[in-house]
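J.: Let's see this in three dimensions:
(2 chains)
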Amino acid sequence: MLILLLLLLASYAVGVVLPFCFPRKPQAQGMVGSVCACVASGSGIALGISGLIASEPLTASVASTIPFLAFAVRLDPLASFFVLTISLAGLAASIYAMGYLKEFHGRVSVATLAALTNGFLLSMTLVVIADNGFFFLIAWELMSLVSYFLVVTEHERADVRYAGFFYLIMTHVGTAFVVLIYLILFQSAGSFSFEAFRHPEQSLPEGMRTLVFLAALIGFGTKAGIVPLHVWLPYAHPAAPSHISALMSGVMIKTAIYGMIRVYFDFMGGQFPWWWGFVVLIVGATSALLGVMYALMEHDLKRLLAFHSVENIGIILLGIGAGMIFQTYGLKELAALGLLAGLYHTINHAMFKALLFMGAGSLLYTTHTRNMEEYGGLLKRMPWTGLFFLIGAVSITALPPTNGFVSEWLVFQALFLSAQLPTLFLKLMLPIAAAILALTGVLALVCFAKAFGISFLALPRSSHARHAEEVPIAMRIGMGSLAVCCVGLGLAPMIVVPLLDRITGPLTGVSISDKVLSLDGWALDTVNVEFGSISTPILAAMLIACGLLGLFLAFVFGGRLVKRYYKTWGCGINLSPRMEYTATGFAQPIRQVFRAIYQPTVKLETEFLEESRYFAKRRHFDLLIEPVFEKYLYDPVVNLFMGIADRLSILQAGSLTLYLTYIFVTLVVLLLFVV
Amino acid sequence: MLQAITLVVAQTIVLLGISPFLVGLIRKVKARLQCRRGAGVFQPYADLAKLFRKQPVVSSTTSWIFPATPYILFASTLAAGLLVPTFASQTPMSFAGNIIALVYLLALGTFFLILAGLDAGSAFGGMGSSREAIVVSLTEPAMILSIFAIALTSGSTNISTIVHKTALLEGIVTDPSPHLMALVALFIVALAETGRVPVDNPATHLELTMIHEAMVLEYSGRHLALIEWAASLKLALFLSLIANLFAPWGIATTLTPAAIGIGLVAYTLKIAGVAVLIGVIECTFAKLRLFRVTELLGAAFILALLGLVFFYILRG
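T.: Below you'll find the predicted structure:
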């Protein structure tokens, strides 16, 4: 295992340096960087799996001369699982990049991009394997900075610079809170090592524990993109190159989930009042619902996907929150179930979200636009990309028998088991959260029906789409491998659940693998088969059998299965793309029904012909969805700080003598203190 | 094992066989209430046979999604149907999925139907898809909640187990109010999901009002036959759900020939009864405007939620 770890670190490190050794050869730079990342993430997959099944966690440490800092790593099951998730997505993204980087030849430095990608994957891996608080913070900051540079890859565009700046500020606000967690823990533990955090010399007072909870929720929540701290996410994730968007949305936000589980279940030892779990549950439900609702209104495909990340983080937090509530009341098996559901959804979301972002990247690669209204008819022109995107879409909407279905089902079951809780309030709140999850699930279905239907079906809506071509083979392999993962993780819960059980077992103190798997692993259940079970392999078999039955019936009753092609009836005139439903039009009923949330403003300006008021010369239509959080939460804060800065700018008069006076005054004041 | 396979096959035959009859029955009831004679109750069988023999015309605009959707829809609806008890309370496939699997299986079919509606590129299809999307997004949460409110009583989310326990009078309902609320909610959901008045009108092809019919407007021949059959299967599924969840009378709890015989007769009578009720509702209510539909479906959601709340409050 240690060899795998060293191979991983070495390959990423080589991948950071080597691309620069091929000046003026972007093809070679990209290829070298991608190959290094492939080797590293390949060994990461092996490392993650062996870490999950190993009986003793691998530990390694290199001392440093800086006090309290040790470069210590520990691959316990939780860390190994995240290494596996990062590496799976990393491998697919690296293969994808081999083709996709061509998009950037001659525009930006491919060597920098390839090196930063390696650095990004390395820093994420370090975050989850770090076993020392100080080291964790270094890796965390590294991850934030590297991802910032990746976001601003196309820095010549003003909107990209804005997205990057927004991200940089938000992520550092988050980091400040993360630092706070470790400082508080350090106070009682006297050391930055995670082992000391677990068993501090003196236990933390109640107020400090609450502070740690809130700091972790805000600090990690900013990175994860929980509502209302999500505002940076729909700017930053789409601005990055698509394979980086895939990694940011697929795995980087998951490091925050890792942080939360590490702090709540590991450092805090799973000892917390019920309201911690309840707050996480509420945050999860809000993020899930609002994430999908805002996604529905987007017709920039990458922004749409970014909002879905907010939704899915919410679903993960619903599982974890339910688990925390059960943990408080000592219902260990249910706590393990909630946590397991959250973790299962974590890896699933990494797979399908990375897949979908790569699909969006492929469309961007061939059409050079992110606007869905300019796509259309792409399934015929890009059959493979279309198929993979469809698999991703079916998975993210949790339709059986894909992976999203399994994990969302587990979250549902955890929420439905609230009857065992002692208080009426919580008994009620968990099923209500399940109702919100149900609404979220269906809205996600509508959203992806829109995304796939408008982008890939019917007639091309622009010349970009008309001239679209299938993407290079490397990009298809990258997407295809993730599509296989999506299907595999759905059909084989009997393999995934025992592995996840090795994580939740130590954290909650009880193993539930035997309980959750029944009928020789063919069915998943939560209490027993009586309470409710699913079996995705059987469901898949049933679907195939019933589909074949349909084919058979068509053959028996109809005879020869031939069909005739003819153009669509266009009410007497030839069908044109302008007659098709648009993405905006498709979502109109949703916008109308939930207008209380969207607060849409419609502006219609019509310029009439001079001769007659009945014929319009030109119409201008504006539709605006109120960015509620930015307007009412962020703008006041920004304005406040700008106001203060304006006032303080008087001090900065630009005169050297004045500055010297400041220094002199400061010195005098300090001396007064000393005396 | 053999017994299980026989039961699955029997249930498939019963569902496929009885579903067109239900459509015919509703049409007949409507016709009689409108003082028409109407077509015979077996007319839908003839329609299906005719459609299967016709050569389908497929729009040249479409992709593979369009011809594949009828099979996917048929498969997902039938698979969902196999999770719901019909004449016998214990369905062999019930371990493969509980209420959530049922709802999501139906959603799988709906997802592809929405896509197929968009695929031909005509505005009618898109309009139907867009409207179906809003209807489905409001019905499915209500459906999960309403069945869950009943599931609480019997301590199971497997539909087959709920029905079996209720039929054996285990977990007797001491206070029926949660059940009644859930029943009303599920009934509204059933009307919406099967495209009935007041949500949708299966007999219309007017672009102002149609939802389901607009989505499948481009279909013809055997594709249309499969879609029509799937739609009637969905109707049978919801009628079975309502009949067996709330009135599991006469359902075969054992697998003796006598019990199965009684079960079959009771099942047919029960779902025919609910079908007649739907026919009466279709005649006595006007179709709601699309944006008024949301109020009805919102009410179903709230009712199901109230059922849940009442259950816990009554239990204490």
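J.: Got the confidence number for the residue nearest to A:Ser533 when sequence neighbours are not counted?
T.: Counting by C-beta to C-beta, 6 or more residues apart in numbering or on different chains, the nearest residue to A:Ser533 once its immediate chain neighbours are dropped is A:Asp525, at 3.8 Å. C-beta: built from backbone N, CA, C; applies to glycine. Reported pLDDT at A:Asp525 in the predicted model: 83.
J.: what does the one 4 residues further on give?
T.: The predicted local confidence for A:Val529 comes out at a pLDDT of 60.
J.: Just the closest residue of the stretch 501-650 of chain A to chain B, please.
T.: At 2.5 Å from chain B, A:Tyr581 is the closest residue in the stretch 501-650 of chain A, using C-beta to the nearest C-beta.
J.: In contact with that residue, which residues are there?
T.: If a contact means C-beta atoms under 8 Å, 6 or more residues apart in numbering or on different chains, then A:Tyr581 has A:454, B:118, B:123, B:125-127, B:129-130 as its contacts.
J.: In stretch A:177-186, which residues are buried?
T.: In terms of neighbour count (16 or more other C-beta atoms under 10 Å in any protein chain shown), stretch A:177-186 has its buried residues at A:177-182, A:184-186.
J.: The closest residue to chain B within the stretch 101-250 of chain A - nearest residue in space that isn't next to it in sequence?
T.: For the stretch 101-250 of chain A and chain B, the shortest gap (C-beta to the nearest C-beta) falls at A:Val227, measuring 19.4 Å. Among residues not flanking A:Val227 along the chain, A:Ser287 sits closest, at 4.5 Å (C-beta to C-beta, 6+ apart).
J.: how close does that neighbour sit to chain B?
T.: The gap separating A:Ser287 from chain B is 17 Å, by C-beta to the nearest C-beta, to the nearest Å.
J.: and what of A:Leu658?
T.: In this structure, A:Leu658 and chain B are 63 Å apart, going by C-beta to the nearest C-beta.
J.: Tell me the predicted confidence for that residue.
T.: Per-residue confidence (pLDDT) for A:Leu658: 88.
J.: Could you pull out the strands in chain A for me?
T.: Using DSSP state E, the strands assigned to chain A run over residues A:58-63, A:70-75, A:517-518, A:523-525, A:533-534, A:564-566, A:601-608, A:616-624.
J.: again, but for the stretch 1-150 of chain B
T.: B:57-59 (DSSP state E, counting those that start in this stretch).
J.: Helices of that one, residue ranges please.
T.: B:2-33, B:43-53, B:65-81, B:99-119, B:123-154 (DSSP state H, counting those that start in this stretch).
J.: In the first one, which residues are buried?
T.: Think helix B:2-33. Of the residues in helix B:2-33, those buried under the neighbour-count criterion (16+ other C-beta under 10 Å) are B:7-8, B:11-12, B:14-16, B:18-30.
J.: restrict the residues you listed to those near chain A?
T.: Contacts with chain A within the buried residues of helix B:2-33, counted by C-beta under 8 Å from any C-beta of the partner chain: B:Thr12.
J.: Output stretch A:650-668 as CSV, nothing but the C-alphas.
T.: Taking only C-alpha atoms (Å, rounded to 0.1, in the frame of the first residue of the first chain), the coordinates of stretch A:650-668 have been written out as CSV:
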residue,chain,number,x,y,z
ILE,A,650,-9.2,59.0,3.4
LEU,A,651,-6.3,57.6,5.3
GLN,A,652,-4.6,56.6,2.1
ALA,A,653,-3.9,60.1,0.8
GLY,A,654,-0.8,59.2,-1.2
SER,A,655,1.5,61.6,0.7
LEU,A,656,4.7,60.1,2.0
THR,A,657,5.0,62.4,4.9
LEU,A,658,1.5,61.3,6.1
TYR,A,659,2.5,57.7,5.9
LEU,A,660,5.6,58.4,7.9
THR,A,661,3.5,60.1,10.5
TYR,A,662,1.3,57.0,10.7
ILE,A,663,4.3,54.9,11.4
PHE,A,664,5.6,57.3,14.0
VAL,A,665,2.2,57.4,15.8
THR,A,666,1.9,53.6,15.7
LEU,A,667,5.4,53.4,17.2
VAL,A,668,4.6,55.8,20.0
